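Enquirer: Need coordinates for the below:
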Amino acid sequence: MDKTMDKNAMVGGLYKLAKIFDAGGDMSRPWFVYFYHRKSVQDKFERIRLYANINSFKEKDVRRETARLLRDTINEALKKGDLTNLPVDQAPEPEFDGEYYNVVSALRKVMDARVATMKKRSAGTYLSAFNLFLKWLKKTGYDALPTTQLRGRVLQQYQTYMASLGLSATTINSRMENVGYLFKRLVKLEVIDKNPYDAIDPIKETETSVFEAYTNDEINTIAEHLKEVSPELFLFWLHIYYCFLRPETIVQLKRSDYDFAEKKIYISGEIHKNRKKAVKQMLEPLFDYLVAAGVDKLPFDHLVFSKDLKPGTQKIAPTRAAERWKKLIIDGLKINKKLYAAKHTGGIDYITSNAGAEDVNWLQQQMSHHSISETQTYIKNRQVKMLDETKANIKKI
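Expert: From the prediction side, this is the model:
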């Protein structure tokens, strides 16, 4: 048998000729040349991608011609059965970091370490967001990108993609933060030098567009229903309406944070949304309900909202309140408005009830609407402002 024919037959069984992936002409996505290879005819084919210097060219015609040259070079090597002189990709990972070479494999490794320390419920949410990101990477062709070559512009594209799906700014920012954490771990492991997430600006969250305020009829209906079937959720709801606190903060409040003599709630920086301490005025309606619920008599180390939203020592997830809200209010009363809409409702009701005499400075303080620096300067240089309830109208629910 002719040796050349025998060699070509062997090569034909071990390789498939190279082709170009040009992302449909999209210059913002990486192009590459790929071919299939296997060690023996009994093995499965493995797809191999090469980027070389294709993506360094910004003109489409030049990039396409460069890809064609790379494809032809690879095919010549395949036909000869010699792959030892194939073009090498730019900036390959160090050899000792081989297990982190591919961006997906690197992310999976740090993700596995992350969820190993998380509760099952939290890990499920985190994994869901992570898998969506991996699905997008595969769809766009970034999944085979060397870890060191992933740049901020890739995450920018992912952020834009999520926005195109109609996701809320809160959801997008949360998913981006999760991804950013994984890259932060890769920086600490010295796999990459810089976190590509640092180049991304979060999308501004317009809360009023997400949380529609309740009508007066809805407020009355909700209040009466919760007083009867879930007084714990009612009290939780009032913390949002009167103090404009987030659920994740409320579930961490302890009896020691409440000063019933001064009618203040002290929020530590560890649990506040701005990571800076704050003071909320305990307005008379909330004060009365807290005393009626016996919160002032609790041990100082007890959480005001623990298991089943009752006082206790077990910390709960903030979603517990939202879950009960959905069951009792959204599904039960068919009022399709979120629990956190109480914040905006409370602000609107204060402005409406005190039109022309509203204390905007007090409202800004109570709602924590300053920037971090402004809030810190205000609290540091001035006494905490208290609303004169003898000169203001506060609706009692």
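Enquirer: Any stretches of this structure with poor pLDDT?
Expert: Counting by pLDDT under 70, the chain contains low-confidence ranges at 1-12, 84-101, 119-122, 205-211, 273-275, 355-356, 358, 369-386.
Enquirer: Where do the strands of it begin and end?
Expert: 15-21, 32-37, 46-50, 258-259, 264-267, 278-281 (DSSP state E).
Enquirer: and the fourth one, which strands flank it?
Expert: What that stands for is strand 258-259. strand 264-267 (antiparallel) (DSSP bridges).
Enquirer: And the contacts of the partner strand?
Expert: 243, 245, 249, 253, 257-259, 277-282, 384 (C-beta atoms under 8 Å, 6 or more residues apart in numbering). Glycine gets a C-beta too; all of them are placed from N, C-alpha and C.
Enquirer: Take these and write them to CSV, including neighbour count.
Expert: Formatted as CSV, the contacts of strand 264-267 follow (neighbours: other C-beta atoms under 10 Å):
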residue, neighbour count
C243, 23
L245, 27
T249, 24
L253, 21
D257, 18
Y258, 22
D259, 12
K277, 15
A278, 24
V279, 18
K280, 25
Q281, 21
M282, 21
V384, 15
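Enquirer: Make CSV out of those and add distance to D22.
Expert: Formatted as CSV, those follow (distance: C-beta to C-beta, whole Å):
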residue, distance to D22
C243, 56
L245, 52
T249, 50
L253, 56
D257, 59
Y258, 63
D259, 66
K277, 54
A278, 53
V279, 59
K280, 57
Q281, 62
M282, 63
V384, 62
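Enquirer: Looking at those residues, spot the one nearest F130.
Expert: Closest approach to F130 among those (C-beta to C-beta): T249, at 26.0 Å.
Enquirer: quick one on the thing from earlier: which of the strands of the chain sits most buried?
Expert: Each of the strands of the chain was scored by mean neighbour count; the highest is strand 278-281, a mean of 22, by mean count of other C-beta atoms under 10 Å.
Enquirer: send the alpha carbons of it over as CSV?
Expert: Extracted C-alpha coordinates of strand 278-281, given in CSV (Å, rounded to 0.1, in the frame of the first residue of the first chain):
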residue,chain,number,x,y,z
ALA,A,278,-27.9,55.3,60.8
VAL,A,279,-30.6,56.3,63.3
LYS,A,280,-34.3,56.0,62.5
GLN,A,281,-37.0,57.8,64.4
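Enquirer: how far does that strand sit from the chain's center?
Expert: Taking C-alpha atoms, centre = their mean, to the nearest Å, one finds the center of strand 278-281 at 27 Å from the center of the full chain.
Enquirer: what helices or strands is it leaning on?
Expert: strand 264-267, helix 360-367, helix 372-381 (3 or more C-beta pairs under 8 Å, 6 or more residues apart in numbering; DSSP states H and E).
Enquirer: Sheet partners, orientation included, of that strand?
Expert: Here, using DSSP bridges, strand 278-281 pairs with strand 264-267 (antiparallel).
Enquirer: hmm, back to that, relative to T147, which of the strands of the chain is closest?
Expert: Once the strands of the chain are compared by C-beta to C-beta, strand 46-50 is nearest, at 14.3 Å.
Enquirer: partners of the closest one in the sheet?
Expert: Strand 46-50 is paired, per DSSP bridges, with strand 32-37 (antiparallel).
Enquirer: residues making contact with the strand it pairs with?
Expert: So strand 32-37 is contacted by 14-21, 45-52, 54, 67, 70-71, 74-75, 78, 83, 141, 144 (C-beta under 8 Å, 6+ apart).
Enquirer: Now do the contacts for R29.
Expert: 23, 140-142, 157.
Enquirer: cool, K334 as well?
Expert: Per C-beta under 8 Å, 6+ apart, neighbours of K334: none.
Enquirer: wouldn't T221 be in contact with L333 here?
Expert: Yes: counting by C-beta atoms under 8 Å, L333 is a contact partner of T221 at 6.3 Å.
Enquirer: okay, now I250: neighbour count?
Expert: Applying other C-beta atoms under 10 Å, we find 23 other residues in the vicinity of I250.
Enquirer: Now it: closest residue in space that isn't a chain neighbour?
Expert: Once flanking residues are discounted, I250 sits nearest to H239: 5.0 Å by C-beta to C-beta, 6 or more residues apart in numbering.
Enquirer: cool, and P299?
Expert: R255 is the one closest to P299 (C-beta to C-beta, 6+ apart), at 6.4 Å.
Enquirer: What separation do you get for the one you found and P202?
Expert: Applying C-beta to C-beta, to the nearest Å, the value for R255 to P202 is 34 Å.
Enquirer: These two: which has the busier surroundings?
Expert: R255 (17 against 14).
Enquirer: Am I right that that one is in contact with A293?
Expert: No: R255 is not in contact with A293 according to C-beta under 8 Å; the separation is 11.6 Å.
Enquirer: Would you mind putting the strands of the chain into CSV with distance to W136 alongside?
Expert: Putting those into CSV (distance: least, C-beta to C-beta, whole Å) gives the following:
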stretch, distance to W136
strand 15-21, 16
strand 32-37, 17
strand 46-50, 18
strand 258-259, 45
strand 264-267, 37
strand 278-281, 37
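Enquirer: Which among the ones you listed is found nearest to L339?
Expert: So among the strands of the chain, strand 278-281 is nearest, using C-beta to C-beta, at 17.8 Å.
Enquirer: ok, now which ones touch A163?
Expert: 172, 203.
Enquirer: ok, now I348?
Expert: By C-beta under 8 Å, 6+ apart, the residues touching I348 are A213.
Enquirer: Report the separation between it and Y214.
Expert: In terms of C-beta to C-beta, I348 sits 9 Å off from Y214.
Enquirer: Kindly indicate which of the contacts of R29 lies nearest F305.
Expert: Distances from F305 to the contacts of R29, taken by C-beta to C-beta, are shortest for Q157, at 40.4 Å.
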